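Participant: Give me a 3D structure for the following:
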Amino acid sequence: QVQLVESGGGLVQTGGSLRLSCAASGSSFRFYPVAWFRQGPGKQRELVAGIIGTGSTNYADSVTGRFTISRDNAVNTVFLQMNALKSEDTGTYYCNAGGNPRVGRPGEYWGQGTQVTVSA
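Facilitator: Numbers count the residues shown, from 1 in each chain. The predicted structure follows:
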C-alpha cells in the first residue's frame with residue numbers, strides 16, 4: 001500500500017516557478033513509476049510528466065523544456081519543478097504511482113491533489 005501527499009501548489013504570476021512535491025509512504029515506493037497528472041478548469045485530466053526509476057522521464061509536449069520531474073528515493077519523494085508558468089498550466093495537480101507514464105496510464109495510487117493557479 002502506498003499513500004501519496006502532494007504539496008507546493010499555490011498562486012503564481014505568469015513566468016514564475018513552483019516546485020511540487022509528492023511524499024510517499026512505504027518502502028516499495030522507490031520501485032513504482034510515478035507521474036504527475038493535472039486537470040484544468042473544464043478540461044480532461046492529462047499526464048504532465050512521468051518518471052520510471054530515477055532517470056527515465058517523459059513529458060507532455062506542452063511542458064517540455066519548462067517542467068522537470070525528479071525523485072529522491074532517500075526521502076521517498078518525487079518532485080515537479082515548474083518554470084516559465086503559463087495561465088494554461090492552471091489546474092489541480094495529482095501525483096500518481098504504479099501506472100505506465102510512457103503511455104499515460106495511471107496507476108491505482110493517487111494523492112489528494114494540489115492547486116496551481118497562474119495569474120496573468
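Participant: give me every residue that touches the closest residue to V116 other than its chain neighbours.
Facilitator: Nearest residue to V116 in three dimensions, chain neighbours excluded: G9, at 4.8 Å (CB to CB, 6 or more residues apart in numbering). (C-beta placed from N, C-alpha, C; glycine too.) Taking CB atoms under 8 Å, 6 or more residues apart in numbering, we find G9 in contact with 18, 20, 93, 114-116.
Participant: repeat for F29
Facilitator: F29 sits next to 2, 73, 76, 97 when contact means CB under 8 Å, 6+ apart.
Participant: from those, which is closest to F67?
Facilitator: Within the contacts of F29, the smallest distance to F67 is 18.1 Å, found for A97 (CB to CB).
Participant: Could you report the pLDDT at that closest one?
Facilitator: Per-residue pLDDT puts A97 at 97.
Participant: ok, the contacts of F29 vs Q39, which is closest?
Facilitator: The shortest approach to Q39 among the contacts of F29 belongs to A97, at 17.4 Å (CB to CB).
Participant: which residues sit in contact with that closest one?
Facilitator: Applying CB under 8 Å, 6+ apart to A97 gives the contacts 2, 4, 24, 29, 32-35, 107, 109.
Participant: What residues are bridge-paired with it?
Facilitator: The partner list for A97 in beta bridges (DSSP bridges) reads V34, Y109.
Participant: Please tell me how far it sits from L20.
Facilitator: Per CB to CB, to the nearest Å, A97 is found 14 Å from L20.
Participant: which of the contacts of G9 are buried?
Facilitator: Buried by 16 or more other CB atoms under 10 Å: 18, 20, 93, 114, 116, out of the contacts of G9.
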